[in-house]
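Student: I'd like to go over a predicted model; first the sequence, then the structure.
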Amino acid sequence: MEYRKLGAADIEVSTLALGCWPFAGGVVWGDQDDDLSIATVHAALDAGINFFDTAEGYEHGHSERVLGRALEGRRDEAVIATKVSPDHLSPEGIAAACEQSLVNLKTDYIDLYQIHWPNHAIPIERSWRALEDLLRAGKVRALGVANFAVGDLSELVEIGRPVANQLPYSLLWRAIEFEILALCRERSIGLICYAPLAQGLLSGRYAAADEVPDGLARTRWYSHARPLAKHGEPGCEEVVFRALAGIADLSRRIGAPMASVALAWVRQQRGVTSLLIGGRNPQELEWNLSSLSLELDAATMADLERLTEPVKGALGRNPDMWMSKSRMR
């Protein structure tokens with residue numbers, strides 16, 4: 001396992017992190033057995049993964065509670081990242097949310113505490129000062145953000161120093177390349193990438209858009225006619241599956257699983273600290289671990305970018321996977 005420094009923080013995290021949203025189950029992920037989730041956390045620790053990401057908003061803290069149970073007796077092996085919801089970004093809301101997350105996680109400190117989404121109704125300075133109070137109190141070790149685009153991030157770095165920004169980034173979601181990635185690199189803000197397998201598309205799990213569960217077919221890849229979609233856009237399903245066919249063909253030529261190729265491409269991008277993988281059981285986790293031994297040469301990296309350029313063009317600069325009117329600024 002490779003470890004990288006988390007921005008300016010004195011914290012080293014594994015390049016593969018376990019994203020714990022699937023542990024929540026619910027509408028998005030469907031039924032999920034808690035014991036299987038706990039076994040997945042133990043398998044991740046045994047494989048050298050030390051970084052675990054969750055949020056209070058994942059089914060009202062259920063994901064946090066499962067992770068807390070899983071880490072009992074092994075807390076010192078883990079770097080825990082969780083997030084405060086945008087509705088809780090008043091100073092009082094932040095303090096209360098942090099206390100509840102500590103209870104859920106069965107710990108007395110959080111390694112990385114992140115703003116989950118911006119709330120433009122509350123001045124960021126007010127929220128950030130409250131987060132810094134938690135830092136001084138020893139309740140958190142480092143502060144970061146998620147889903148902050150250039151406008152919000154530029155405003156924040158004038159008053160504070162986030163160590164990380166968590167954003168969607170994959171071969172099929174390259175919106176951050178327009179400007180956000182450059183700012184993160186410039187400010188030494190570590191990039192934590194979520195959905196690096198495009199919610200299963202880049203694993204080869206789905207042969208057509210109609211096979212994707214409704215809970216996942218909500219993003220702007222898919223038509224607004226999908227049952228749970230809220231974005232109002234036509235999507236780019238045909239373009240996406242044409243790119244997937246090209247990636248699958250390239251992967252066969254180099255003799256590597258498509259998921260490994262996709263993860264290696266993200267891992268090799270400058271400025272990326274860690275990739276969130278979402279294994280729901282030890283077997284799914286094992287499939288992703290094989291990507292660590294794969295190094296792509298410059299020609300292959302360029303070929304992958306060429307294959308997915310039409311998807312990048314179709315989706316444009318909006319980094320919000322779910323909304324046409326971006327919640328990021």
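Tutor: Ah, there it is.
Student: ranges for the strands of the stretch 101-250 of the chain?
Tutor: Using DSSP state E, counting those that start in this stretch, the strands of the stretch 101-250 of the chain run over residues 110-115, 140-146, 164-168, 190-194.
Student: and the angle for the first one with strand 140-146?
Tutor: Taking axes from the mean of the first three to the mean of the last three C-alpha atoms, to 10 degrees, strand 110-115 and strand 140-146 form an angle of 30 degrees between their directions.
Student: with only the CA atoms kept, save strand 110-115 in PDB.
Tutor: Provided in PDB are the C-alpha atoms of strand 110-115 (Å, rounded to 0.1, in the frame of the first residue of the first chain):
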ATOM      1  CA  ILE A 110     -12.100  12.800  14.200                       C
ATOM      2  CA  ASP A 111      -9.000  12.900  12.000                       C
ATOM      3  CA  LEU A 112     -10.500  14.900   9.100                       C
ATOM      4  CA  TYR A 113     -13.700  16.900   9.500                       C
ATOM      5  CA  GLN A 114     -15.100  18.200   6.300                       C
ATOM      6  CA  ILE A 115     -17.900  20.500   5.100                       C
END
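Student: okay, the strands of the stretch 101-250 of the chain in a markdown table with distance to L6 next?
Tutor: To be clear about C-beta, it is placed using only N, CA and C from the backbone, and glycine gets the same treatment. Compiled in a markdown table, these are given as follows (distance: least, C-beta to C-beta, whole Å):
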| stretch | distance to L6 |
| --- | --- |
| strand 110-115 | 7 |
| strand 140-146 | 7 |
| strand 164-168 | 6 |
| strand 190-194 | 5 |
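Student: now the ones you listed in CSV, with distance to S63, mean pLDDT and mean neighbour count?
Tutor: Shown next, in CSV, are the strands of the stretch 101-250 of the chain (distance: least, C-beta to C-beta, whole Å; pLDDT from 0 to 100; neighbours: other C-beta atoms under 10 Å):
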stretch, distance to S63, mean pLDDT, mean neighbour count
strand 110-115, 14, 98, 25
strand 140-146, 14, 98, 23
strand 164-168, 15, 97, 26
strand 190-194, 14, 97, 25
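Student: these: which one's closest to T273?
Tutor: strand 190-194 (3.5 Å; C-beta to C-beta).
Student: quick one on the thing from earlier: nearest to L16, out of the strands of the stretch 101-250 of the chain?
Tutor: Taking the strands of the stretch 101-250 of the chain one by one with C-beta to C-beta, strand 190-194 is closest: 10.5 Å.
Student: before we move on, back to that, go through the strands of the stretch 101-250 of the chain and name the closest to G25.
Tutor: strand 190-194 (18.0 Å).
Student: which residues does the closest one contact?
Tutor: 4-7, 17, 19, 53, 81, 144, 146, 163-170, 176, 181, 184, 266, 269, 271-276 (C-beta atoms under 8 Å, 6 or more residues apart in numbering).
Student: can you say which of those residues are buried?
Tutor: Neighbour counting over those (16 or more other C-beta atoms under 10 Å) leaves 4, 6-7, 17, 19, 53, 81, 144, 146, 163-170, 176, 181, 184, 266, 269, 271-276 as the buried ones.
Student: give me the subset of these that lies in helices.
Tutor: Counting by DSSP state H, the part of these found in helices is L181, C184, V266.
Student: closest to D108 out of the residues you listed?
Tutor: Out of these, the member with the shortest distance to D108 (by C-beta to C-beta) is C184, at 30.3 Å.
Student: so the closest one versus E309, what's the distance?
Tutor: 22 Å (C-beta to C-beta, to the nearest Å).
Student: from L304, how far off is the residue at the greatest distance from the centre of the chain?
Tutor: For the chain, the residue at maximal distance from the C-alpha centroid (C-alpha atoms, centre = their mean) is R253, at 28.9 Å. Between R253 and L304 the computed distance is 12 Å (C-beta to C-beta).
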